[in-house]
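>>> Just need the structure, nothing else, for what follows:
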Amino acid sequence: MMLQTRYLGLNLNNPLVIASLPLAKDISSIRHMEDAGAAAVVLHSLFEEQILIEEKQLNENLLRGTESFAEALSYFPDISSFQLGPTAYLEHIKEVKRAVEIPVIASLNGISTGGWIEYAKKIEAAGADALELNIYFIPTNPAVMGDQVEQLYTVLVKDVTSSIKIPVAVKLSPFFSAAANMLKRIDQAGAKGLVLFNRFYQPDFDLDNLNVVPNLHLSHSGELTLRLRWAAILYGQLDCDLAITGGIHTAEDVIKSIMAGANATMMASAILKHGISHIQSVLSDMKEWMKKRDYNSIEDIRGLLSMKNIAEPTAYVRSNYMKVLGSYL
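Numbers count the residues shown, from 1 in each chain. Prediction:
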């Protein structure tokens, strides 16, 4: 059973990549993931705010407008809660590369080009096989228009991709007025892959203390449908690869993603819920599913249910919406 695939120009033994998660801070855990069958690992993110703190520029930049940052100053956690600062992060890349044979993908999380370009170069020099830009931006200023946000994204991607030689993937949200056009622009800006989609963690209210508090919910398979839809729509329309993250828990989730057109799938919450050995179970179930249906390789099923290959492509647009509403009678 041929589970091999290619993502960001990297040869992967299978489509199951470990998404950025806290376990990636521990080298022994990454080794365990490799032994369980993970095809590649995305390291935990280095945040733009961490870079700014190390460069003693945090206050200056935050005063320019908190809407420019993923976290407001009053909400940003104590930097000591991040175990690896920028310098230690680079050393961690080197240590992971020495410890495992699977591709190692570094992750930068932020929104401005400043320190990103410098650290993208340092990440490349540290030996990372690829870089994932995790663009987490909440435009809270009503004066900021949609085209300004879109331009910010494309300039950021172009600046980073033009500064390094390793492939760059971009992890971003689906919340654009014309998502297909925006994702195409990211593709044209130099991204070698798109990661669909970032899970925005919504804050909650503490009614007793009248505070806004962090609120974490792990993903579930029900979140996959949004990703499947856009991967299926984009398949064949972009030059870059597609990865799906958010809702990858079972072999069926992986197979659906490949049939939508994804090159790779990224798992995090399922590992946190079930342990690293869950990777092996998912891969075993994938092989069994394919064997029963006489599929010999991942390439046999890639894009089978994409918009370009199904008999009724309108299933991905308004007709599906109308059919669903009409069926609830």
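>>> Kindly tell me how buried P139 is, as a neighbour count.
By other Cβ atoms under 10 Å, the residues close to P139 number 16. Every residue, glycine included, has its C-beta placed from N, CA and C.
>>> Against M33, how distant is the closest residue to it other than its chain neighbours?
Leaving out its chain neighbours, the residue that sits closest to P139 by Cβ to Cβ, 6 or more residues apart in numbering is V149, at 5.2 Å. Per Cβ to Cβ, to the nearest Å, V149 is found 35 Å from M33.
>>> When those two are compared, which one has more neighbours?
Between V149 and M33, counting by other Cβ under 10 Å, M33 is the more crowded of the two (26 against 17).
>>> May I ask you to confirm that the more buried one belongs to a helix?
Yes: according to DSSP: H, G, I helix; E, B strand; the rest coil, M33 belongs to a helix.
>>> Does it touch V41 like I think?
Yes: with contact defined as Cβ atoms under 8 Å, M33 reaches V41; the gap is 6.1 Å.
>>> Give me the common contacts of these two.
I18 (Cβ atoms under 8 Å, 6 or more residues apart in numbering).
>>> okay, the closest residue in space to E48 that isn't next to it in sequence: pLDDT?
The shortest distance from E48 to any non-neighbouring residue, by Cβ to Cβ, 6+ apart, is to G110 (2.6 Å). For G110, the pLDDT comes out at 77.
>>> which strand residues sit across from G110 in the sheet?
Beta-bridge partners recorded for G110 (DSSP bridges): I135.
>>> just D241 next, same as before
Legend: beta-bridge partners of D241 under DSSP bridges are G193.
>>> gap between it and Y235?
Relative to Y235, and taking Cβ to Cβ, D241 is found at 10 Å.
>>> just L228 next, same as before
For L228 relative to Y235 (Cβ to Cβ), the value is 11 Å.
>>> list the residues that contact both of these two?
A260.
>>> follow-up on the earlier one: now do the residue nearest to E48 against Q50, distance only.
Taking Cβ to Cβ, one finds G110 at 9 Å from Q50.
>>> How about the backbone phi and psi for I105?
phi -110, psi 120 (degrees, to the nearest 10).
>>> which stretches of the stretch 201-329 of the chain have low pLDDT?
Counting by pLDDT under 70, the stretch 201-329 of the chain contains low-confidence ranges at 318-329.
>>> now the strands for the stretch 151-300 of the chain?
For the stretch 151-300 of the chain, strands defined by DSSP state E, counting those that start in this stretch occupy the ranges 168-172, 193-196, 204-206, 211-213, 241-245, 264-267.
>>> could I get these as JSON lines with distance to I27 and mean neighbour count?
Formatted as JSON lines, the strands of the stretch 151-300 of the chain follow (distance: least, Cβ to Cβ, whole Å; neighbours: other Cβ atoms under 10 Å):
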{"stretch": "strand 168-172", "distance to I27": "23", "mean neighbour count": "25"}
{"stretch": "strand 193-196", "distance to I27": "24", "mean neighbour count": "26"}
{"stretch": "strand 204-206", "distance to I27": "34", "mean neighbour count": "11"}
{"stretch": "strand 211-213", "distance to I27": "32", "mean neighbour count": "11"}
{"stretch": "strand 241-245", "distance to I27": "22", "mean neighbour count": "27"}
{"stretch": "strand 264-267", "distance to I27": "19", "mean neighbour count": "28"}
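>>> between G110 and Q50, which one's more packed in?
When G110 and Q50 are compared for neighbours, G110 comes out ahead with 26 against 22, by other Cβ under 10 Å.
>>> List the backbone torsions phi and psi for S107.
phi -140, psi 130.
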